[in-house]
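Asker: build me a model:
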Amino acid sequence: MQGSGQAHSSATHAKERLYTQLAGSFGRMNRALVQTSNLCELLQMDLLAMRNFVGRDAAMLMTVAASLNDIPEDSFESSPKKEQVQVASKEKDVEN
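Answerer: Okay, the predicted model is just below:
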């Protein structure tokens, strides 16, 4: 009778050990889930900030593009174009 009592206590001890391991695993999993949740919140805030900055940069780019489109074409005529400079340098070479 005593042998079956030891087997019962051994099985109970093994069961308790497994439940303790399971509880530890659940604790680690809970910490990992909390950390993942926190990281997801930070990611969401970062994505929102990036969306705001992209919107601002796009607005600035459109403003600059609009101001460049408003500059009349003849204002660029005052500086010689690349083709004109090349033609002038070729003409000087032909004269020499």
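Asker: and residue 30, what element?
Answerer: Element membership for residue 30, per DSSP states H and E: helix 2-70.
Asker: which secondary structure elements does that helix contact?
Answerer: Taking 3 or more CB pairs under 8 Å, 6 or more residues apart in numbering; DSSP states H and E as the contact definition, helix 2-70 has no neighbouring helices or strands. C-beta coordinates here come from the backbone N, C-alpha and C atoms, glycine included.
Asker: please work out the average pLDDT along that helix.
Answerer: The pLDDT scores in helix 2-70 average 91.
Asker: quick thing: my sequence starts at 41, can you match it?
Answerer: Taking 41 as the first residue, the last one we looked at is helix 42-110.
Asker: run a quick neighbour tally on residue 55.
Answerer: Residue 55 has 10 neighbours, counted by other CB atoms under 10 Å.
Asker: and it, how far from residue 67?
Answerer: Distance of residue 55 to residue 67, given as CB to CB, to the nearest Å: 19 Å.
Asker: ok, now residue 46?
Answerer: Distance from residue 46 to residue 67, by CB to CB: 31 Å.
Asker: and for residue 87?
Answerer: The value you get for residue 87 to residue 67, if CB to CB is used, is 31 Å.
Asker: and for residue 80?
Answerer: 21 Å.
Asker: and what of residue 75?
Answerer: Relative to residue 67, residue 75 is positioned 13 Å away (CB to CB).
Asker: give me the common contacts of those two.
Answerer: Here residue 75 and residue 67 have no joint contacts, going by CB atoms under 8 Å, 6 or more residues apart in numbering.
Asker: so what's residue 58 up against?
Answerer: Listed by CB under 8 Å, 6+ apart, residue 58 has no contact partners.
Asker: I'd like the distance between it and residue 83.
Answerer: From residue 58 across to residue 83, the span is 37 Å (CB to CB).
Asker: residue 86: neighbouring residues, count only.
Answerer: Neighbour tally, residue 86, other CB under 10 Å: 10.
Asker: burial of residue 72, as a residue count?
Answerer: 10.
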